[in-house]
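Visitor: Got a predicted structure plus its sequence, pasted below:
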There are 2 protein chains.
Amino acid sequence: MNGTTSNGARNANNTSVQINPYTPRYADLLSRVNNFSIIESTLREGEQFANAFFDTATKIEIAKALDDFGVEYIELTSPAASEQSRQDCIAICQLGLKAKILTHIRCHIDDAKIAVETGVDGVDVVIGTSSYLREFSHGKDMAYISAKATEVINFVKSKGIEVRFSSEDSFRSDLVDLLSLYRQVDTLGVNRVGIADTVGCANPRQVYELVRTLRGVVSCDIECHFHNDTGCSIANAFAALEAGATHIDTSVLGIGERNGITPLGGLVARMYTADKDYIKYKYKLDKLRDVENLVANAVGVEVPFNNYITGYCAFTHKAGIHAKAILNNPSTYEILKPEDFGMTRYVSIGHRLTGWNAVKNRVEQLDLTLTDEQVKQVTNKIKQLADIRPQSMEDVDTLLRNFHHAVKSGDPSHVENVLSTPAVK
Amino acid sequence: MNGTTSNGARNANNTSVQINPYTPRYADLLSRVNNFSIIESTLREGEQFANAFFDTATKIEIAKALDDFGVEYIELTSPAASEQSRQDCIAICQLGLKAKILTHIRCHIDDAKIAVETGVDGVDVVIGTSSYLREFSHGKDMAYISAKATEVINFVKSKGIEVRFSSEDSFRSDLVDLLSLYRQVDTLGVNRVGIADTVGCANPRQVYELVRTLRGVVSCDIECHFHNDTGCSIANAFAALEAGATHIDTSVLGIGERNGITPLGGLVARMYTADKDYIKYKYKLDKLRDVENLVANAVGVEVPFNNYITGYCAFTHKAGIHAKAILNNPSTYEILKPEDFGMTRYVSIGHRLTGWNAVKNRVEQLDLTLTDEQVKQVTNKIKQLADIRPQSMEDVDTLLRNFHHAVKSGDPSHVENVLSTPAVK
């Protein structure tokens, strides 16, 4: 067939070149999908995960691992939360990491005073602005919020460090209130305003609309924080970047309040799809698995079986038609290259969905010689056996070797013998 | 404060009524978020999960559980895959379930002939249309695909059962080819056309655009199938429904090729947010956990710690400010009501992020009497202890009871004694 398609092109050598259809094919001036920063909050949001208790040594180990991976910011629990939290904040600031260190505080001048003394590079300030939180949490009105915000922001700025001002539960906040408040703090000179889906229920089109609107109102950076209760935390982060957000909050494995936030690995998978070279340049992708194992171990959870990139089946191919195409060209069913993440591909063939192309590939790997017709015969035998119980790679290899041996013997009864051996339950 | 906000209203009794901000506030004629069907594919896509081997009894148990939960369709592995697959297909069709039974076949007349003899209510036909799959999988051109599709569709229709025609890897297919093919099969009278993100890399805005475009081209139903490699399978399903798709493919826990597809529980969480009453009416939500445990057990995996709805921390609240608001009104930080899913809420207080409002609530649960000032004193003690090691609920309760006992003794030295007891490492 002709290699030139709507998604392909020909280079100077007239060989087919596939263009990534997940990258916009025209310039999108609003989009920041290839120009954003990660604010890694395992040591803040992650500490709000049910199981999390990080001692000082563990916090330092996690901070160093995140810094080595390449995240731009590391966010820490408020030093006002407890004395140890304060001391840990100071200790991490003294590590001399490349990543900027932030701490996350309530919009109180007392908290701000404690925060700026720890040596952090910036302070993330948060206050609830939704009618729910105004009524049932702090009980304050917008005039009060605005006055408090001004006091805290001016104070942090006077110390010469970064300041972010975020609402909480932004998607249930009054839009006009929200935009008024953000324009006000933008004028005060905050580095970033933050949008937070605190209840985890925003959807991507809603996120795109809100961030795009906000992008037209403020000139500072825009940070976004998405909970994952309804499964949109990664997609929402992507939509936010498409709409001009500049910073995304993550945690390792997504740990946080309830079922957590945008996971670091999941966001990396998504952004790799949009601009592989940018992500490979920014982050040490082959360290992802180590960072995840470190955190999973620290909070006593298993990495989910279906975890992005590092889950044990993320690169396992099983169906016959998938296996065939993968063996011809991995891009057919794989947008993430396992080797970029220090992972390996696995094509499973010992099951009843198997296909002869995948079996043929294994025959070649084992350096056996069989005709296509013979491979089809032995594939049917694998299907019969696998209808009774799953066949391990060793089971399959033994069968292939026995079959090959029988074929090479030149005695049809030997072949017949291998193919007719009754399957053992 | 005034209870009327942009997201609220007042009813006849002049009490504040919160309107769900996640439901569109104006009619959206395209949207099917409250009028869609689930095609549950645990017994097809799920069988392509690395670990899956379902014997007949397990398949029947899963099919019955899904039917009881209330899914509209159950999709089964092709009867052409193996002899046992064919027999199982027949057995499940004979169960007399409320759900319609489908099987999923390649676009081959031989497969179709086997499928229609099993007693299924419909056949889902699939063929790869992307340049990748056309080049590296089956090697056929669009004219060939079109001819094959016509033959298979006409044959299945002649048997009086449902037929769906789907492309594979739709987002990397040529748009004009795709729309031409779909318009052709729509004219032939297919029940549904299918869009499949086979590589798991589409994003919600892309999905919305493609489905909306397709909605203007065909008059039949539109089914969507999303893999989750880059974390958008739930958000993409939602975007597809917003754009007019009518059917969504799911599997329990999302099991499938690689890291799987849209999970049943995650989709339910998302759609519940958009229209709670509709979802509660359609599905037995309190059966979700049983279905998930059944499938997790059958394929030998743990339900992920952060699973939607049923993960063990999905309704655990920890941060002080969260806990306070949750205790005042669960809607502040919870969009999913745990009791609708047979789950319970847990407010964690034995940690250094705790707040005195949450502690006060526990004091009241224990039927102890303390002033706010006293609660604040004992909260500080909890923070001190939790800085050294996490405090279990029993640890906290013992401290609260001891403190209460000391306060009631009227002897300040007893109180002092409780508050100053050195924490044991």
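Guide: In hand now; what should we look at?
Visitor: So which elements touch whichever strand or helix holds A:Leu179?
Guide: Remark: A:Leu179 resides in helix A:175-188, with elements defined by DSSP states H and E. Helices and strands touching helix A:175-188, as assessed by 3 or more CB pairs under 8 Å, 6 or more residues apart in numbering or on different chains; DSSP states H and E, comprise helix A:142-158, strand A:162-168, strand A:192-197, helix A:204-215. Using the backbone N, CA and C atoms, a C-beta is placed for each residue, glycine as well.
Visitor: Dump those to TSV, plus mean neighbour count and distance to A:Ile349.
Guide: Formatted as TSV, the helices and strands packed on helix A:175-188 follow (neighbours: other CB atoms under 10 Å in any protein chain shown; distance: least, CB to CB, whole Å):
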stretch	mean neighbour count	distance to A:Ile349
helix A:142-158	17	60
strand A:162-168	25	51
strand A:192-197	25	43
helix A:204-215	21	38
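Visitor: quick one: which of those is nearest chain B?
Guide: Judged by CB to the nearest CB, the one of the helices and strands packed on helix A:175-188 that comes nearest to chain B is helix A:204-215, at 3.9 Å.
Visitor: Check which element follows the closest one along the chain.
Guide: The first helix or strand that comes after helix A:204-215 along the chain, using DSSP H and E, is strand A:221-226.
Visitor: ok so, going back, export the helices and strands packed on helix A:175-188 to TSV and tack on mean pLDDT?
Guide: Formatted as TSV, the helices and strands packed on helix A:175-188 follow (pLDDT from 0 to 100):
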stretch	mean pLDDT
helix A:142-158	93
strand A:162-168	94
strand A:192-197	96
helix A:204-215	96
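Visitor: so can I have CSV of those showing distance to chain B?
Guide: Listed next are the helices and strands packed on helix A:175-188 as CSV, based on distance: least, CB to the nearest CB, whole Å:
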stretch, distance to chain B
helix A:142-158, 10
strand A:162-168, 8
strand A:192-197, 10
helix A:204-215, 4
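Visitor: A:Leu253 touches A:Ala298, doesn't it?
Guide: No. Using CB atoms under 8 Å as the test, A:Leu253 is too far from A:Ala298 to be in contact (10.5 Å).
Visitor: Which of those two has more residues huddled nearby?
Guide: Under the criterion of other CB atoms under 10 Å in any protein chain shown, the comparison of A:Leu253 against A:Ala298 puts A:Leu253 first, with 30 against 21.
Visitor: could you give the mean pLDDT of stretch A:122-139?
Guide: Average pLDDT, stretch A:122-139: 77.
Visitor: Would you mind measuring from the nearest residue to A:Asn402 once chain neighbours are set aside to B:Thr187?
Guide: If you skip the residues right next to it in sequence, A:Asn402 has A:Val418 as its closest partner in space, 5.2 Å away by CB to CB, 6 or more residues apart in numbering or on different chains. Spatial separation of A:Val418 from B:Thr187 under the definition CB to CB, to the nearest Å is 50 Å.
Visitor: More neighbours: which of the two?
Guide: Neighbours per residue, other CB under 10 Å: of A:Val418 and B:Thr187, the larger number sits with A:Val418, 19 against 12.
Visitor: contacting residues around that one?
Guide: The neighbourhood of A:Val418, defined by CB atoms under 8 Å, 6 or more residues apart in numbering or on different chains, consists of A:Lys381, A:Leu399, A:Asn402, A:Phe403, A:Ala406.
Visitor: and which of these is nearest to chain B?
Guide: Closest to chain B out of the contacts of A:Val418 is A:Lys381 (11.4 Å), distances taken as CB to the nearest CB.
Visitor: ok, now which ones touch that closest one?
Guide: Contacts of A:Lys381 were listed using CB under 8 Å, 6+ apart, and they are A:Leu399, A:Phe403, A:Val418, A:Leu419.
Visitor: Give me the subset of those residues that lies in helices.
Guide: With helices defined by DSSP state H, the entries of the contacts of A:Lys381 inside them are A:Leu399, A:Phe403, A:Val418, A:Leu419.
Visitor: which residue packs closest to the last one, ignoring adjacent ones?
Guide: Spatial nearest neighbour of A:Leu419, excluding adjacent residues (CB to CB, 6+ apart): A:Lys381 at 5.3 Å.
Visitor: now for stretch A:348-355, what's the gap between its first and last residues?
Guide: Across stretch A:348-355, the terminal residues are separated by 10 Å (CA to CA, to the nearest Å).
Visitor: Would you mark the buried spots in it?
Guide: The neighbour-count criterion (16 or more other CB atoms under 10 Å in any protein chain shown) identifies A:Ser348, A:Ile349, A:Gly350, A:His351, A:Arg352, A:Leu353, A:Thr354, A:Gly355 as the buried residues of stretch A:348-355.
Visitor: Tell me which two of those residues sit farthest apart.
Guide: The span of the buried residues of stretch A:348-355, defined through CB to CB, is set by A:Gly350 and A:Gly355 at 12.4 Å.
Visitor: For A:Ser420, give its distance to chain B.
Guide: For A:Ser420, the distance to chain B equals 15 Å [CB to the nearest CB, to the nearest Å].
Visitor: same deal with A:Asp290?
Guide: With distances defined as CB to the nearest CB, the gap from A:Asp290 to chain B amounts to 19 Å.
Visitor: give the contact list for that residue.
Guide: Residues near A:Asp290 by CB under 8 Å, 6+ apart: A:Ala65.
Visitor: A:Phe226 contacts A:Ser233, doesn't it?
Guide: Yes. Look at A:Phe226 against A:Ser233 with CB under 8 Å: they come within range, at 4.2 Å.
Visitor: joint contacts of these two?
Guide: What both A:Phe226 and A:Ser233 touch, as defined by CB under 8 Å, 6+ apart, is the set A:Asp197, A:Gly200, A:Ile261, A:Thr262.
Visitor: is it possible to export those residues to JSON lines including secondary structure?
Guide: Putting those into JSON lines (DSSP: H, G, I helix; E, B strand; the rest coil) gives the following:
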{"residue": "A:Asp197", "secondary structure": "strand"}
{"residue": "A:Gly200", "secondary structure": "coil"}
{"residue": "A:Ile261", "secondary structure": "strand"}
{"residue": "A:Thr262", "secondary structure": "coil"}
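Visitor: which one of those has the most neighbours?
Guide: The member of the shared contacts of A:Phe226 and A:Ser233 surrounded by the most neighbours (other CB under 10 Å) is A:Ile261, with 34 neighbours in all.
Visitor: Am I right that that one is in contact with A:Phe226?
Guide: Yes. Counting by CB under 8 Å, a contact exists between A:Ile261 and A:Phe226, whose distance comes to 6.1 Å.
Visitor: list the residues that contact both of those two?
Guide: Shared contacts of A:Ile261 and A:Phe226, defined by CB under 8 Å, 6+ apart, are found at A:Ser233, A:Asp249.
Visitor: Who does A:Glu40 form a beta bridge with?
Guide: Residues found in beta-bridge contact with A:Glu40 (criterion: DSSP bridges) are A:Ile74, A:Thr250.
Visitor: got the contact list for it?
Guide: Contacts for A:Glu40 (CB under 8 Å, 6+ apart) come out as A:Leu66, A:Val71, A:Tyr73, A:Ile74, A:Glu75, A:Ala99, A:Asp249, A:Thr250, A:Ser251, A:Val252, A:Leu264.
Visitor: how much space between the nearest residue to the first one once chain neighbours are set aside and A:Val71?
Guide: Read that as A:Leu66. Leaving aside its chain neighbours, A:Leu66 sits nearest to A:Glu40 (5.0 Å; criterion: CB to CB, 6+ apart). Separation of A:Glu40 from A:Val71 (CB to CB) stands at 4 Å.
Visitor: A:Val125 now?
Guide: A:Val125 sits 21 Å away from A:Val71, taking CB to CB as the criterion.
Visitor: can you check A:Lys318 too?
Guide: In this structure, A:Lys318 and A:Val71 are 34 Å apart, going by CB to CB.
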